[in-house]
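Trainee: sharing a model that was predicted from the sequence below.
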Amino acid sequence: MKTQHNAKPAGGTKHNNPNTKSMMHLLILAFSLLISLSPIAKANYRPTIVILDPYQKDYDTTLLKDIKKFDSQTYPTPEDEQAYFNELKNKEKNIQIMDSAEWVYRKKIDFAAYFTLSLDGMLTYAVWGKTNKGLIFPTHNKSGIQAKDLQAIANKYNVTWVINPVTIHTYLKDNSKFTTVRLQVYNAKKKKVVLDQEYTGGTTDPGFELSCDEGTLECTINNILNSSVNDIMLTIFKRYQH
């Protein structure tokens, strides 16, 4: 199983821009990832799930300073990347694909992407409680709400399930912080959205693997995960119990 991040901030030190060699290396890795996601490779794994970045963002201006704290951008050296991917070679194919996708995804994070990355971590944790043959990974791609758009994403990544955070709205209400996310779950086999719901999280600490510092924006995300992951699992596995 890939590393479980338990909704912790996806931090990272900012470095100088990557050189040409590094960019070429990234293109090779991306190409390899697409090959790994071919229908033949995918057939051995289920469920296959891609999690998108939020399509629309709406932040209360009074919270922008806190929201900016989630920003990070990293440029690993080609040597670091090579060492990382060499370590993956002995892992199962689905783990290689998931860890590779997450490695690329983490290079640029903001508050909205932090939500996607956190959902990816918690959903992987939940799926692995039922099967180690899952394939779950995040992408910075976005999509509108139409079935044809979501089907195009499913076709691009050769997955059955697309999780689409349509909107993420962070705001103050009665001097308390909240985040509301509208989530869609799309089933590519049925070619329709099978879950479309809003989730709101406050700043209380939900505890356990979603523990956070009470009063923070991180808690607003974790409280959304606390309810939405169960609904997603019920949608995919039907009889899942949290």
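Mentor: In hand now; what should we look at?

Trainee: do you know the pLDDT at K142?
Mentor: You'll see K142 listed with a pLDDT of 96.

Trainee: how would you label S100: helix, strand or coil?
Mentor: helix (DSSP: H, G, I helix; E, B strand; the rest coil).

Trainee: surely it touches F85?
Mentor: Yes. Distance between S100 and F85: 7.1 Å, which falls inside the contact criterion (Cβ atoms under 8 Å). (C-beta placed from N, C-alpha, C; glycine too.)

Trainee: the two: who's more crowded?
Mentor: It is S100, of S100 and F85, that has more neighbours when counted by other Cβ atoms under 10 Å, with 20 against 17.

Trainee: that one and L135: what is the separation?
Mentor: Distance check for S100 against L135: by Cβ to Cβ, to the nearest Å, it reads 12 Å.

Trainee: how far does stretch 100-108 sit from the chain's center?
Mentor: In terms of Cα atoms, centre = their mean, to the nearest Å, the centre of stretch 100-108 is set 10 Å apart from its chain centre.

Trainee: would you map the helices across the chain?
Mentor: Assigned by DSSP state H, the helices in the chain fall at 20-36, 39-42, 64-68, 78-88, 93-105, 111-128, 147-157, 217-237.

Trainee: pull the distance from the fourth one to the chain's centre.
Mentor: Centroid separation between helix 78-88 and its chain, computed with Cα atoms, centre = their mean, is 22 Å.

Trainee: for S227, see how far away the residue sitting furthest away from the middle of the chain is.
Mentor: Residue farthest from the centre of the chain, counting by Cα atoms, centre = their mean, is D174 at 30.1 Å. Distance of D174 to S227, given as Cβ to Cβ: 21 Å.

Trainee: now swap in D53 and tell me
Mentor: 21 Å.

Trainee: out of the two, which sits in the more crowded spot?
Mentor: D53 (21 against 15).

Trainee: so what's that one up against?
Mentor: Applying Cβ atoms under 8 Å, 6 or more residues apart in numbering to D53 gives the contacts 112-113, 116, 138-142, 165.

Trainee: and stretch 183-202, how far out from the chain's middle?
Mentor: With Cα atoms, centre = their mean, you get 15 Å for stretch 183-202.

Trainee: next: stretch 150-166.
Mentor: 13 Å.

Trainee: show me which residues of that stretch are buried.
Mentor: In terms of neighbour count (16 or more other Cβ atoms under 10 Å), stretch 150-166 has its buried residues at 150-151, 153-154, 157-166.

Trainee: burial measure for H140, as a count.
Mentor: 14.

Trainee: what about it, distance to L183?
Mentor: 17 Å.

Trainee: closest one to D205 among the helices of the chain?
Mentor: helix 217-237 (6.0 Å; Cβ to Cβ).

Trainee: this completes my enquiry, with thanks.
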